[in-house]
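Participant: Sequence and predicted structure are below.
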Amino acid sequence: MVTPAHAQVSIALSWTSINAPPTGFVTNTVVITNTDPVNPHTIQLALVGTDYWGWESFAPNPVVVPPLASVASTLTIPILSPDSYCPGESSHGPFAWQLTVQGSEGGIVLAQASLVIYLMPVTIPLTVDIESTKSSYIVGETVTLKMDTNMIGAEYFLKVRKPDGTVWASAHAFLPATFTKKAAEPLGTYTAELMAYYCGVAQDTASFSVTPDTYSVTISLYGLPTDVTTALYVDSNKVADMKGGDVKDLSYPIGTSHTFQVDQYVTGAEGYRYYCASNSWTAGTTGSNVFKYEKQVRLEVSTDPAGITEVSGAGWFAVGASASISAVPTELQGTEGTKYAFSTWTVDGTPRAGNGFVVVMDAPHKVVAKYDTMFLLTVRSDVGNPAGAGYYASGSTATFSVTSPVGIGVQQVFVEWKGDFTGKEPKGSITMDGPKTVTAVWTTSYTQLYVIAGAIAVVAVAAAFLLWRRRAGPSAIKPPPPPPPPSEAPASVEEAPPPPPENETVPKREVSISLRCTNCGHELKVGETFCPECGQKQID
C-alpha cells in the first residue's frame with residue numbers, strides 16, 4: 001500500500017509569532033521535510049492571509065526535497081500595513097496579521113504552517129525625500145527623480161510642474177520609487193512635488209532645470225583699434241572677421257568641443273602692429289573668452305648707402321621698450337676703388353651723436369647709419385712726381401699733376417693725359433663721381449741737349465779768340481790815338497778814338513748766342529720766355 005504524499009511532507013517554521021513595527025522586513029526559516037523513503041518531492045511555497053498582497057519572497061522556491069531529507073528556505077516578509085490599519089493620522093495598533101505558509105506539489109497543498117505578525121503602534125513620524133540626479137538636464141536627456149521614505153510601502157502621489165506652473169508629468173505608486181522621463185521644452189526650472197501617506201502624511205519638493213541641447217560661446221577682443229581687423233577661426237576654419245570692439249556669440253551641440261583662434265599678429269598703421277600672446281582657446285561648454293592684443297612699434301635699422309654692412313637692433317617692440325643700436329665699423333671697403341667712411345647715425349632723419357646708443361620705442365623709428373662714399377683717384381706716371389692720387393668724397397673735385405720736363409740734356413716732356421681725363425696741361429682736375437684713373441703720356445726731347453752743346457761751342461770759340469789776342473801782344477794791333485781835348489776837337493771830321501794806354505786790357509765784345517725752343521726747336525730771340533711757334537714756356 002502506497003503512503004499518501006501529504007503524509008510524507010511536512011513544514012516547520014523558525015517562529016510562529018513575532019512583534020514588528022509597521023515598517024521594514026521580517027524573516028522566517030521554513031524547513032520542508034520529506035519522509036518518503038523512495039521519492040523526492042518538489043515543493044512550491046506560498047504565503048497567504050487576509051489583506052495580504054503577496055510581496056513575500058522564498059529563497060529557494062520551489063524546493064526539491066530528496067527522500068528522507070529536509071531542506072530549508074528563507075521567507076522574507078515586508079511589513080506593509082494596509083490602509084485599514086492606519087485610517088487616520090496615527091496608528092491604533094497593535095494589530096494581528098494572520099498568515100499561512102503553504103507547500104504544494106502539482107497544485108495540491110501537501111503541507112502548511114501558520115504564523116502571526118503583531119504590528120506595533122507607529123512611534124516614528126512618516127518622512128519622505130525626493131531628489132533629482134542632476135541639477136540640469138539637456139533637452140533629450142532623461143530626467144531621473146528618486147523618492148524614498150522611512151516607512152516602506154507608503155503610498156505616494158507625484159506631480160512635476162513646468163516653469164509656467166502647469167503639470168508636465170504625474171505618478172502614483174508606493175515608496176521607495178524612481179521616476180524617469182526625457183527632458184523636453186519648454187526650457188527653464190521644473191518643480192517636483194511629492195506627497196505620501198502611511199499612518200500620516202509627509203511631503204517634499206525638488207527642482208531641476210531643462211537647458212538647450214547646444215551651448216553658447218562668446219568671443220570678444222581687447223586692445224585692437226576699431227579700424228583694425230583680425231580673422232576668427234573655429235577648428236582652423238575662418239568663420240568671421242572681427243574689429244576692435246566686436247563681440248561674437250556662437251552656439252554648438254552639447255558634447256562637442258571646439259578651438260577658437262585669432263590672428264597672432266595684426267598689421268595696423270605704418271610702423272604699428274598688434275600682438276596676441278595667447279591667440280587660441282578651446283571650449284566644450286558655455287563660456288566666454290577675451291583675446292587680448294598688445295600694441296607694438298617697428299624699429300628699422302639700415303645704412304646709407306643701403307646694404308654696405310650688417311646692422312643689428314631692428315624688430316618689433318612693445319610701446320615704451322628700449323632698443324639697443326650696436327656700433328658699426330668706422331670704415332668699410334666696397335668694390336674696387338670704393339670705400340665708405342662712417343659719418344653719423346640719424347634717428348628719423350635727425351643726426352644722433354655717438355656710434356651705438358639706445359632708442360626708446362615710444363613710436364615707430366627709422367635709424368640709419370650714414371656713410372660718406374669715397375672714390376679712389378689713381379694717377380699713373382712713371383716720371384714727373386705724380387701728385388693727387390688717393391680717396392675723395394663722392395662728388396668732390398680732385399686735382400692732380402706731374403712735373404715736366406724731367407731730366408737734364410735728354411729730357412722727358414709731358415704730352416697729355418689719358419684715361420678718365422684728357423688734357424695737355426701737366427695739371428688737371430676731375431669730378432669724383434666714381435673711381436677714376438688718369439695716365440700721363442710723355443715724350444723724349446733732345447732740345448736742351450742741343451742748346452747746351454751750342455752754348456758750349458760758342459763759349460769755346462770765344463775762349464779761343466781771347467786766348468789768341470793775348471798771345472799776339474800789343475804790337476799786333478795798333479792802338480788808336482788818344483782823343484784830343486774838347487776844345488781842340490775837329491769841328492767836322494770825326495776823329496778816331498785814342499789808343500788804349502800801354503798795358504791796358506781791351507774790353508770784350510758782347511757775343512750773341514742763338515737760342516732755340518726746348519719743345520719744338522724754333523729759334524728764339526734773347527729774352528723770349530715763351531716760344532712764338534708752339535707757345536710753350538721755356539725752361540731756364
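Facilitator: Sure thing, it's come through.

Participant: In contact with the nearest residue to Pro386 once chain neighbours are set aside, which residues are there?
Facilitator: Residue nearest to Pro386 in three dimensions, not counting chain neighbours: Val379, with 4.4 Å by CB to CB, 6 or more residues apart in numbering. The way it works is simple: take the backbone N, C-alpha and C, and place the C-beta from them, glycine included. By CB atoms under 8 Å, 6 or more residues apart in numbering, the residues touching Val379 are 386-389, 400, 402, 438, 440.

Participant: Kindly recompute the last result at 6 Å.
Facilitator: Residues in contact with Val379 (CB atoms under 6 Å, 6 or more residues apart in numbering) are 386, 388-389, 400, 438.

Participant: Show me what the closest residue to Pro176 other than its chain neighbours bridges to in the sheet.
Facilitator: Closest residue in space to Pro176, ignoring its immediate chain neighbours: Asp148 at 4.7 Å, by CB to CB, 6+ apart. In this entry, Asp148 is beta-bridged to Asp129, by DSSP bridges.

Participant: burial count for Asp148?
Facilitator: The tally of other residues near Asp148 (other CB atoms under 10 Å) stands at 18.

Participant: Can you list the low-confidence ranges for the stretch 1-150 of the chain?
Facilitator: Residue ranges of the stretch 1-150 of the chain with pLDDT under 70: 1-7, 22-23, 51-54, 80-95, 120-123.

Participant: cool, the stretch 401-540 of the chain as well?
Facilitator: Along the stretch 401-540 of the chain, the parts satisfying pLDDT under 70 run over 472-514, 520, 522, 527-540.

Participant: Show me where it has its helices.
Facilitator: Ranges of helices within the stretch 401-540 of the chain are 447-472, based on DSSP state H, counting those that start in this stretch.

Participant: what about the strands in it?
Facilitator: Under the criterion DSSP state E, counting those that start in this stretch, strands of the stretch 401-540 of the chain are mapped to 411-419, 427-431, 436-445, 515-516, 523-524.

Participant: Give me the contact list for the longest one.
Facilitator: Just to be clear, that refers to strand 436-445. Applying CB under 6 Å, 6+ apart, the contact partners of strand 436-445 are 377-381, 402, 411-421, 430.

Participant: Kindly recompute the last result at 7 Å.
Facilitator: Strand 436-445 is contacted by residues 375, 377-381, 383-384, 386, 400, 402, 405, 410-421, 430, 518-519 when judged by CB atoms under 7 Å, 6 or more residues apart in numbering.

Participant: same question, stretch 129-137
Facilitator: Residues from elsewhere that reach stretch 129-137, judged by CB under 7 Å, 6+ apart: 143-148, 183, 192, 194, 204-206, 208-211.

Participant: And for stretch 257-269?
Facilitator: With contacts defined as CB under 7 Å, 6+ apart, stretch 257-269 is touched by 217, 219, 224-225, 228, 230-235, 252, 273-276, 279-284, 289, 291, 293.

Participant: what number of residues lie near Arg470?
Facilitator: What Arg470 shows, counting by other CB under 10 Å, is a neighbour count of 10.

Participant: wait, Val441
Facilitator: Neighbour tally, Val441, other CB under 10 Å: 12.

Participant: ok, for it, nearest residue in space, not its chain neighbours?
Facilitator: By the measure of CB to CB, 6+ apart, the closest residue to Val441 outside its immediate chain neighbours is Val415, 4.6 Å from it.

Participant: what's near enough to touch the one you found?
Facilitator: Val415 makes contacts with 441-443, as judged by CB under 7 Å, 6+ apart.

Participant: before we move on, back to that, what is the distance between the helix or strand where the residue nearest to Pro386 lies and the centre of its chain?
Facilitator: According to DSSP states H and E, Val379 maps onto strand 365-380. On the basis of CA atoms, centre = their mean, to the nearest Å, strand 365-380 sits 37 Å off its chain's mean C-alpha point.

Participant: need the next SSE after that strand, C-terminal direction.
Facilitator: The element immediately downstream of strand 365-380 (helix or strand, assigned by DSSP H and E) is strand 390-393.

Participant: residue ranges for the strands of the stretch 51-200 of the chain, please.
Facilitator: Under the criterion DSSP E, counting those that start in this stretch, the stretch 51-200 of the chain contains strands at 57-59, 63-65, 69-78, 95-105, 108-119, 128-132, 136-138, 142-149, 155-161, 167-174, 177-182, 188-197.

Participant: As a markdown table, those with distance to Lys525 would be great.
Facilitator: Converted to a markdown table, the strands of the stretch 51-200 of the chain look like this (distance: least, CB to CB, whole Å):
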| stretch | distance to Lys525 |
| --- | --- |
| strand 57-59 | 164 |
| strand 63-65 | 171 |
| strand 69-78 | 164 |
| strand 95-105 | 175 |
| strand 108-119 | 173 |
| strand 128-132 | 140 |
| strand 136-138 | 129 |
| strand 142-149 | 139 |
| strand 155-161 | 145 |
| strand 167-174 | 143 |
| strand 177-182 | 139 |
| strand 188-197 | 134 |
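
Participant: And these: which comes nearest Val31?
Facilitator: strand 69-78 (5.0 Å; CB to CB).

Participant: What strands line up against that closest one, and which way round?
Facilitator: If you go by DSSP bridges, strand 69-78 pairs up with strand 25-34 (antiparallel), strand 57-59 (antiparallel).

Participant: Mean neighbour count added to these, as TSV?
Facilitator: Putting the strands paired with strand 69-78 into TSV (neighbours: other CB atoms under 10 Å) gives the following:
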stretch	mean neighbour count
strand 25-34	18
strand 57-59	15
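
Participant: Tabulate those in a markdown table, adding columns for distance to Ala353.
Facilitator: Below are those laid out as a markdown table (distance: least, CB to CB, whole Å):
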| stretch | distance to Ala353 |
| --- | --- |
| strand 25-34 | 101 |
| strand 57-59 | 104 |
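
Participant: between those, which gets nearest to Ala111?
Facilitator: Nearest of those (CB to CB): strand 25-34, 7.3 Å.

Participant: Would you mind listing the buried residues in the strand holding Val379?
Facilitator: By neighbour count with 16 or more other CB atoms under 10 Å, strand 365-380 contains the buried residues 365, 367-369, 371-379.

Participant: Over to stretch 321-336?
Facilitator: For stretch 321-336, the neighbour count (16+ other CB under 10 Å) marks 323, 325, 328, 332 as buried.

Participant: excluding its backbone neighbours, what's nearest the second one?
Facilitator: Ranked by CB to CB, 6+ apart and with sequence neighbours excluded, the top spatial neighbour of Ile325 is Gly313, at 4.7 Å.

Participant: The last one now?
Facilitator: Spatial nearest neighbour of Leu332, excluding adjacent residues (CB to CB, 6+ apart): Tyr340 at 4.4 Å.
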